[in-house]
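Q: Sequence and predicted structure, then a few things I'm wondering about:
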Amino acid sequence: MSYTGNVNVGGPAQTRELPGLVITKVAVGGMNNDAYLLRCTQTGELALIDAASEPETLLGLIGDTPLATIITTHQHWDHHGALQEVQQATGAATVAHPDDAPGLPVPVSRQVQHGDTIAVGNATLSVIHLRGHTPGSIAILYDGNGELAGQPHLFTGDSLFPGGPGNTDSDPARFASLMTDLEDRVFATLPDETWVYPGHGGDTTLGAERPHLAEWRERGW
């Protein structure tokens, strides 16, 4: 089955292979959360983005291969519901932004800031801090060490979805902060061909969303 990014809770995962990295997407839990298992094609090392729910599903996806890292995009409970169980079962290092780390159910092994990188074997992920949905929300960028610079891959947590930015609870300051970070740190620096993997639901591209930035600003959410 070719990758579409459309997965359903209880249904099969979808996998796509990129130069240097294999991405497997699965939907879990009552909030239809997306979790992403990343595998370095050269070393086999694994990283998981958002141990959101259903630890048995995530551990089944991981299988017998050691999990090196669990990255949590932000502190909301539906994105770390399985974090404690998956971490204890695998011994994986945990990664989050320091502004959200205190809200997680396990100690964070490594706190990352905007511009930091995370290794998955020989693959390199870049951290983009997007302030607004939560203080420490992060997006994770993979560009194949430049090989995919024209068509990179961006995991946005709950900061960007098809149709708009993440929820900021009708707080004008938080909304303005998130929109500014999205405009400056995502849309101004990445091409339209960037594939976006959100924290819930289907995928999108920056090209599909870019024409609506002014509309989002105007509506305020």
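A: Everything's here; your move.
Q: alpha carbons only for contacts and neighbour counts from here, please
A: OK.
Q: Could I get the average pLDDT for the helix or strand that contains residue 125?
A: For residue 125, the host element (DSSP states H and E) is strand 123-129. Model confidence over strand 123-129 averages 98 on the pLDDT scale.
Q: Which elements pack onto that strand?
A: strand 117-120, strand 138-142 (3 or more C-alpha pairs under 8 Å, 6 or more residues apart in numbering; DSSP states H and E).
Q: Out of the ones you listed, which one sits most buried?
A: Comparing those by mean neighbour count (mean count of other C-alpha atoms under 10 Å), strand 138-142 comes out on top with a mean of 25.
Q: follow-up on the earlier one: strand partners (parallel or antiparallel) of the strand holding residue 125?
A: strand 117-120 (antiparallel), strand 138-142 (antiparallel) (DSSP bridges).
Q: any chance of those in CSV, plus distance to residue 27?
A: Formatted as CSV, these follow (distance: least, C-alpha to C-alpha, whole Å):
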stretch, distance to residue 27
strand 117-120, 22
strand 138-142, 18
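Q: tell me, how many neighbours does residue 174 end up with?
A: Neighbourhood size, residue 174 [other C-alpha atoms under 10 Å]: 18.
Q: actually residue 29, sorry about that
A: Per other C-alpha under 10 Å, the neighbour tally for residue 29 reads 19.
Q: Give me the secondary structure label for the closest residue to it other than its chain neighbours.
A: Using C-alpha to C-alpha, 6 or more residues apart in numbering and skipping the chain neighbours, the partner closest in space to residue 29 is residue 53 (5.2 Å). Here residue 53 is recorded as coil under DSSP: H, G, I helix; E, B strand; the rest coil.
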